[in-house]
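Q: Output the structure for:
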Amino acid sequence: MGLGCTMGLRSTLVVMALLLSGAASLKSQAYFSETGELPCHFTNSQNLSLDELVIFWQDQDNLVLYELYRGQEKPHNVHSKYMGRTSFDQATWTLKLHNVQIKDKGSYQCFIHHKGPHGLVPIHQMSSDLSVLANFSQPEINLLTNDTENSIINLTCSSTQGYPEPQRMYMLLKTKNSTTEHGAVMNISQNNITKLYNVSISVSFSIPPETNVSVLCVLQLDSTKTQLFSPPCNIDAKPPVQPPAPDHKLWIAALLVIVVIVCGMTSFVTLRKRKKKQLGPSNECGETIKMNRKESKQTENREVHERSDEAQCDVKILKTASDDNSATEF
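A: Alright, predicted model coming up:
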C-alpha cells in the first residue's frame, strides 16, 4: 500500500472521528460568578507534543475564547468578552472559564489540529453545552398585618438573586392536626445586567384564634422538585380573654376620694348652718330697730301735729277773747 493510500485512509478516519465526536455534546454546569469547565476529552494516542498542535475554543457565535498555537497562547485572537477569563488545563485538556455570567450559557466547541509538513490537519473536535445556575436566597417571610379581631394574617415571602426562573412559590400552613397549602401568583423581576431573578408572593388567610400555627414558604426551583424552605414563622395561640382582676389600690383610692368628698360636703353644710344662726339675731335686731325708729318718728309726727293743733286752738281762743273784749268796749 502506497503512502498516498495511507494518507487518504488516515484522512477518512479523521473525518469519521470528527463526525462521531461532534454528534454527542457534553453537558456541564457552572454557578454564577464561579468557574465553569469546557472539556475537550482529547485522547493523545500518538503522544503529540503541544508544539505540534493548534488548540482553540469557540462559542456558539464563533467567538474565540482561547487559542494555543504550537505551545504559545495567542491572546490577540481572543474576543474581548473572554479576555483574561480563561485558563487551559493541559492535564485534562479542559478550558476553564472564570467569573461565569448568565450570558455565558450556551454551546461551545473545542478544536485540535495537527501542524504537520502538509499544513493543519484537524484531528479532534468536541461540543459541550454550558448551563449557568445561581442559587436563590433562602425564602424569607414577613408578617405585614395581623387582624386580631377577624383572625386574619397577611404575609409576604421573597427570594432573590437566582437563576433560572423558578417554577412556583407557595405557603404551607401547619397546625397540630393539619397542613394546608396556600398558593399565590408569583411576582417576578429580572435584573437587566446580571439577568438574575427576584421573586415574591403575598398571601392572606385566616387562622383559628386559639391554635398554634407554623407557616413555611416554599420555593420550587425546577421540574425536579428541588425546593427551598424558609425558616418557620410561628404564630402562637391567643389565650382566652379573661376579665381583668380587680385592682385593690384603685378601690382604696376611689374610697378615699369618696370619703373626702362626703366630708367636704358635710363640713360645707355645717358651716353654712352656723353662718345662718349667726346672721339670724342680728337681722331681727336690725328689723326691731328699724320698727322702733319708724314708730318713734310716727310718734314725733303725731306730737308735732297735736302741738300744732293746740297752737291753732290757742290762737282761736285768743282771737275769740279779743273779739269779745272789743265788743264789750264798744
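
Q: Would you mind identifying the next helix or strand past the longest strand along the chain?
A: For the chain, the strand with the greatest residue count under DSSP state E is strand 119-133. Next along the chain after strand 119-133, taking DSSP states H and E as the criterion, comes strand 140-147.

Q: Let me see the mean pLDDT of that next one.
A: Averaging pLDDT along strand 140-147 gives 83.

Q: That one: which residues count as buried?
A: Buried residues in strand 140-147, counted by 16 or more other Cβ atoms under 10 Å: Ile141. C-beta here means a position set from N, CA and C on the backbone, and glycine is covered the same way.

Q: elements contacting that strand?
A: Counting contacts by 3 or more Cβ pairs under 8 Å, 6 or more residues apart in numbering; DSSP states H and E, strand 140-147 is packed against strand 152-162, strand 213-220, strand 233-235.

Q: got TSV for the ones you listed, with mean pLDDT and distance to Phe56 too?
A: Formatted as TSV, these follow (pLDDT from 0 to 100; distance: least, Cβ to Cβ, whole Å):
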stretch	mean pLDDT	distance to Phe56
strand 152-162	94	33
strand 213-220	95	41
strand 233-235	89	54
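
Q: Of all the ones you listed, which one is nearest Leu271?
A: Leu271 lies closest to strand 152-162 among those, at 63.0 Å (Cβ to Cβ).

Q: Pairing partners for that closest one, with directions?
A: The pairing partners recorded for strand 152-162 under DSSP bridges are strand 140-147 (antiparallel), strand 197-206 (antiparallel).

Q: Next, the angle strand 213-220 makes with the longest one.
A: Read that as strand 197-206. For strand 197-206 against strand 213-220, the angle by axes from the mean of the first three to the mean of the last three Cα atoms, to 10 degrees is 150 degrees.

Q: re the thing from before, and the helices and strands packed on strand 140-147 as CSV, adding distance to Lys81 and mean neighbour count?
A: Shown next, in CSV, are these (distance: least, Cβ to Cβ, whole Å; neighbours: other Cβ atoms under 10 Å):
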stretch, distance to Lys81, mean neighbour count
strand 152-162, 22, 19
strand 213-220, 32, 20
strand 233-235, 44, 15
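
Q: Tabulate these (TSV), appending distance to Gln90.
A: Below are the helices and strands packed on strand 140-147 laid out as TSV (distance: least, Cβ to Cβ, whole Å):
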stretch	distance to Gln90
strand 152-162	35
strand 213-220	41
strand 233-235	53
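
Q: quick one: which of the ones you listed is nearest Leu53?
A: Closest to Leu53 of those is strand 152-162 (Cβ to Cβ; 40.5 Å).

Q: next SSE after the closest one?
A: Elements were assigned by DSSP H and E; along the chain past strand 152-162, the next helix or strand is strand 168-174.

Q: ok, back up a step: helices or strands up against the longest strand of the chain?
A: Using 3+ Cβ pairs under 8 Å, 6+ apart: strand 119-133 touches helix 3-23, strand 25-31, strand 36-39, strand 106-116.

Q: Comparing those by mean pLDDT, which bottoms out?
A: Of all those, the minimum mean pLDDT falls on helix 3-23 (a mean of 39).

Q: Let me have the strands paired with strand 152-162 in CSV, extended by distance to Val100.
A: Below are the strands paired with strand 152-162 laid out as CSV (distance: least, Cβ to Cβ, whole Å):
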stretch, distance to Val100
strand 140-147, 26
strand 197-206, 17
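
Q: Of those, which is nearest Ser28?
A: Using Cβ to Cβ, these put strand 197-206 closest to Ser28, at 21.8 Å.

Q: How many residues are close by Ser230?
A: By the criterion of other Cβ atoms under 10 Å, Ser230 has 19 neighbours.

Q: List the buried residues of the longest strand of the chain.
A: 123-128, 130, 132-133.

Q: And that strand, how far out from the chain middle?
A: 50 Å (Cα atoms, centre = their mean, to the nearest Å).

Q: now stretch 204-221
A: Offset of stretch 204-221 from its chain centre (Cα atoms, centre = their mean): 18 Å.

Q: so how far is the first residue of that stretch from its last?
A: End-to-end span of stretch 204-221 (Cα to Cα, to the nearest Å): 23 Å.

Q: swap in stretch 45-57?
A: For stretch 45-57, the separation between the terminal residues is 21 Å (Cα to Cα).

Q: what about it, average pLDDT?
A: 94.

Q: what's next to that stretch, contact-wise?
A: Around stretch 45-57, the neighbours that count as contacts under Cβ atoms under 8 Å, 6 or more residues apart in numbering are 38, 40, 64-71, 77, 86, 88, 90, 95, 108-116, 120.

Q: try stretch 169-187
A: With Cβ under 8 Å, 6+ apart as the criterion, stretch 169-187 contacts 139, 155, 157, 159, 166, 168, 199-203, 205, 207-208, 211-220.

Q: average pLDDT for that stretch?
A: Mean pLDDT, stretch 169-187: 93.

Q: just to revisit the earlier point, among the contacts of stretch 45-57, name the buried ones.
A: By 16+ other Cβ under 10 Å, those give 38, 40, 64-69, 86, 88, 95, 108-114 as buried.
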